[in-house]
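Visitor: From the sequence below, what's the structure:
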Amino acid sequence: MNEITKIVLTGGPCAGKTTALQRIEKEFTEKGYKVFIIGESATELITAGARPFGTLSIPTYQFQKGILGYQLYKEAMYENFANTLPENTKCLLVCDRGALDNKAYIDKDSFAKILEELDLKEIDLLTRYKMILHLVTAAKGAEEFYTLANNEARSETKEEARKLDDTTLNCWMGHPNLHIIGNDQSFAEKMDEVRDTIHRELGIPVPTQQQRKFLIDLNSISQLPLPITKKMRIEQTYLDGKEEDCFRKMSDENASMYFEIHKKDTDDPKVRIKTMRRMTEKEYLRQTMSIDRQPLMKDRYSFVYHDQYFRLDIFRQLPLCLLEVEPTEKRTEISLPPELTVLDEVTENPEYRNFSLFQQINNQKKYKKDKEQ
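Guide: Okay, here's the model as predicted:
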């Protein structure tokens, strides 16, 4: 089996995806990768005559169900192609939109029915990709460049493009490796950010986790007016009491996913090397059942503010709330929601690392147990 990295390039209309795809194919082919570009399924069908609008249109439900099935078929086909190449070939599969983009074009109940008919789970569609790159439409912040001339399958106004951009982004909220690339920079810099983000994911250079963390007053959470678009419950257990190695279970209202995570410090306290591997439920249980410690449990709310992806963690075993954000090299200034009361920045405070909180919880548990004896 070859090394295959599958990512999604998504976003609203006129976001720069076509240019980005061309650049990705050229630059990463030159770096020794076999690059497969999996075209946008809806555009392929619409330009071929299968349209969900106009004369003799395809019913929306059937059209979206067809797109999803076609998308999954194409991805499987290209993955099979990648595995027929010589051993140790490094392959990059770039999807021009992914399986969950369909959710933006149909109502919630109809999408759930499509998943049921195809025997699919939304959480599996969310995590089938290593990374999601959301390119913000030019209709947000670069209106003078908004055009649909390069895609005959599109007809959205600027206002429609902005709404569709938000809806599309909401489809991918909760993905552990979602990057939002906005228009508070030139178009050339936007394309550079796409390139640089993929470089870091592929380890060219070594991928790093650059994270800032803020302590939030719990009383201010109820005042947050932002649309919390994704809630997940997280359980995190550390192997043999070591901060470097842990196992994570992430669940929404329908299903769970499991990860093995390794972290390593660097000389910069804001930067840590992080690798993640998806696990099966069986693997996760085998690794964690023998660990006689209580997992760290928290509810995570993911939201977007000023084109930055925030994670708000409310801990179940402690009166504690932390806000995390990963700045990019192009966007180092953090814009925090004014409704949240920030008590302190704790990025460099080891007491607020997950491992320290995990130890604190289990020390309390041990103290309580000893006291009862």
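
Visitor: what about the strands in the stretch 1-150 of the chain?
Guide: Along the stretch 1-150 of the chain, counting by DSSP state E, counting those that start in this stretch, strands occupy 3-11, 34-38, 90-96, 131-135.

Visitor: now, of these, which is deepest in the fold?
Guide: strand 131-135 (a mean of 24; mean count of other CB atoms under 10 Å). The C-beta positions use only the backbone N, C-alpha and C, and glycine is treated the same way.

Visitor: How far does that one sit from its chain's centre?
Guide: Here strand 131-135 is found 7 Å from its chain centre; the criterion is CA atoms, centre = their mean, to the nearest Å.

Visitor: how big is the angle separating that strand from strand 90-96?
Guide: Angle of strand 131-135 versus strand 90-96, following axes from the mean of the first three to the mean of the last three CA atoms, to 10 degrees, is 40 degrees.

Visitor: In the helix or strand just after strand 131-135, which residues are buried?
Guide: Next helix or strand after strand 131-135 toward the C-terminus (DSSP states H and E): helix 158-171. Buried residues in helix 158-171, counted by 16 or more other CB atoms under 10 Å: 161-166, 168-171.

Visitor: As TSV, those residues with pLDDT would be great.
Guide: Formatted as TSV, the buried residues of helix 158-171 follow (pLDDT from 0 to 100):
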residue	pLDDT
Ala161	92
Arg162	93
Lys163	93
Leu164	93
Asp165	94
Asp166	94
Thr168	95
Leu169	95
Asn170	94
Cys171	94
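
Visitor: Relative to Glu87, which of the residues you listed is nearest.
Guide: Cys171 (35.8 Å; CB to CB).

Visitor: what about dumping the CA coordinates of stretch 137-148 to PDB?
Guide: What follows is stretch 137-148, C-alpha atoms only, in PDB (Å, rounded to 0.1, in the frame of the first residue of the first chain):
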ATOM      1  CA  THR A 137     -15.500  33.400  -1.500                       C
ATOM      2  CA  ALA A 138     -14.300  36.600  -3.000                       C
ATOM      3  CA  ALA A 139     -17.800  37.900  -2.200                       C
ATOM      4  CA  LYS A 140     -16.500  38.300   1.300                       C
ATOM      5  CA  GLY A 141     -13.800  41.000   1.500                       C
ATOM      6  CA  ALA A 142     -12.800  40.900  -2.200                       C
ATOM      7  CA  GLU A 143     -16.000  41.900  -3.900                       C
ATOM      8  CA  GLU A 144     -14.400  43.700  -6.800                       C
ATOM      9  CA  PHE A 145     -12.900  40.300  -7.900                       C
ATOM     10  CA  TYR A 146     -16.200  38.300  -7.700                       C
ATOM     11  CA  THR A 147     -17.000  36.700 -11.000                       C
ATOM     12  CA  LEU A 148     -18.600  33.500 -12.300                       C
END
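
Visitor: now what about it, what contacts it?
Guide: 11-16, 154-156, 158-159, 161-162, 164-165, 182-184, 187 (CB atoms under 8 Å, 6 or more residues apart in numbering).

Visitor: Can you give me the neighbour number for Val136?
Guide: 24 (other CB atoms under 10 Å).

Visitor: Begin at 19, not 1, for the rest of this chat.
Guide: Renumbered: residue one is now 19, and that last one reads Val154.

Visitor: Pull the contacting residues for Met297.
Guide: 265, 276-278, 305.

Visitor: how much space between Leu338 and Ser374?
Guide: In this view, Leu338 and Ser374 are 11 Å apart by CB to CB, to the nearest Å.

Visitor: So in terms of bridging, what pairs with the residue lying closest to Arg329 once chain neighbours are set aside?
Guide: Of all residues not flanking Arg329 in the chain, Glu342 sits nearest, at 4.5 Å (CB to CB, 6 or more residues apart in numbering). For Glu342, the beta-bridge partners are Lys231, Arg329 (DSSP bridges).

Visitor: got the domain boundaries for the chain?
Guide: 21-220, 227-390 (automatic domain parsing).

Visitor: tell me the most buried of those domains?
Guide: Stretch with highest mean neighbour count among the domains of the chain: domain 21-220 (a mean of 17; mean count of other CB under 10 Å).

Visitor: And it, end to end?
Guide: End-to-end distance of domain 21-220 (CA to CA, to the nearest Å): 11 Å.

Visitor: how distant is it from the center of its chain?
Guide: With CA atoms, centre = their mean, you get 13 Å for domain 21-220.

Visitor: Okay, now the unreliable bits of the protein?
Guide: For the chain, applying pLDDT under 70 flags the ranges 48, 166-173, 222-228, 241-247, 258-261, 284-293, 325, 345-350, 383-391.

Visitor: In it, where's the longest helix?
Guide: In the chain, assigned by DSSP state H, the helix with the most residues is helix 78-101.
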